[in-house]
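Q: This is a predicted model, with the sequence first.
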Amino acid sequence: MCPVQEVCLEHAIAYREHNGVWGGATERERQRIIRRRRRQRSLARAAAAS
């Protein structure tokens, strides 16, 4: 495993890198990660508001 894989992936997600494999994830995989994180944040906000 690459020692900077996680850092690389987080960079690609934060800066919305569209091309290539970053942190071991394709563009499609990164989009899934972004959507999953949005859902988790939304659910956490809803739970906190209850």
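A: Yes, it's here. Residues are numbered from 1 along each chain as shown.
Q: all helices of this structure, in order?
A: Along the chain, counting by DSSP state H, helices occupy 5-14, 27-49.
Q: how about TSV for these, with distance to residue 20, mean pLDDT and mean neighbour count added?
A: C-betas here are computed from N, CA, C, even on glycine. Below are those laid out as TSV (distance: least, C-beta to C-beta, whole Å; pLDDT from 0 to 100; neighbours: other C-beta atoms under 10 Å):
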stretch	distance to residue 20	mean pLDDT	mean neighbour count
helix 5-14	8	98	14
helix 27-49	8	97	11
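Q: Same list, the ones you listed, but as TSV with distance to residue 21 please.
A: Rendered in TSV, the data for those read as follows (distance: least, C-beta to C-beta, whole Å):
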stretch	distance to residue 21
helix 5-14	9
helix 27-49	8
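Q: Residue 17: how many residues sit nearby?
A: Number of residues near residue 17 (other C-beta atoms under 10 Å) recorded here: 17.
Q: same question, the one 5 residues further on
A: Here the neighbour count serves as a burial measure; for residue 22 (other C-beta under 10 Å) it reads 20.
Q: pretty sure it is in contact with residue 30, am I right?
A: Yes. Under the criterion of C-beta atoms under 8 Å, residue 22 makes contact with residue 30 at 6.9 Å.
Q: any common contacting residues for the two?
A: Common neighbours of residue 22 and residue 30, counting by C-beta atoms under 8 Å, 6 or more residues apart in numbering, are 9, 12.
Q: Relative to residue 20, how far out is the residue of the chain positioned farthest from its centre?
A: Here the centre of the chain is the reference, and by C-alpha atoms, centre = their mean the most remote residue is residue 50, at 26.5 Å. Distance of residue 50 to residue 20, given as C-beta to C-beta, to the nearest Å: 41 Å.
Q: Much appreciated, bye for now.
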